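Q: Task: produce atomic coordinates for the following.
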Amino acid sequence: QVQLVESGGGLVQAGGSLRLSCAASARTFSSYAMGWFRQAPGKEREFVAGISWSGGRTYYGDAVKGRFTISRDSAKDTEYLQMSSLKPEDTAVYYCAVRRGITPATLAGSYDYWGQGTQVTVSS
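A: Numbers count the residues shown, from 1 in each chain. The predicted structure follows:
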């Protein structure tokens, strides 16, 4: 069983930055892609960003392109989400996720393990 632990959430003013981290407790798959999703109250879980096993390919949701950057340190089984130019509409619980294989996916159902989530609140 893999446990994913997110950290780095909090309260920030609009225009500010935050960096989220997600550490995996154990490596279950020989190769795995990682992703970030978010869910605001009353809304569906939304794809934010994904990164391939090698880290060489990254993918972003339209709402965050140009403002967020995903990265990973495979030696530490950790991924990061650098969030800049934050907007109030970025307020949500952010979840990290892991799926078997080398390529991330945009559908939440494609992931095998999830973190518990970390709250990000952006004030106007």
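Q: so where do the strands sit in the protein?
A: If DSSP state E is used as the criterion, the strands of the chain fall at 4-7, 10-13, 18-24, 32-39, 46-51, 58-60, 68-73, 78-83, 92-100, 113-114, 118-123.
Q: Just the buried positions in the third one, please.
A: Taking 16 or more other CB atoms under 10 Å as the neighbour-count basis, strand 18-24 is seen to contain the buried residues 18, 20-24. Just so you know, the C-beta spots here come from the backbone N, C-alpha and C atoms, and that holds for glycine as well.
Q: so residue 83 makes contact with residue 63?
A: No: Residue 83 is beyond contact range of residue 63, at 11.5 Å (criterion: CB atoms under 8 Å).
Q: Of these two, give the one with the bigger neighbour count.
A: Neighbour count, other CB atoms under 10 Å: between residue 83 and residue 63, residue 83 has more, with 26 against 14.
Q: Many thanks, I have nothing further to ask.
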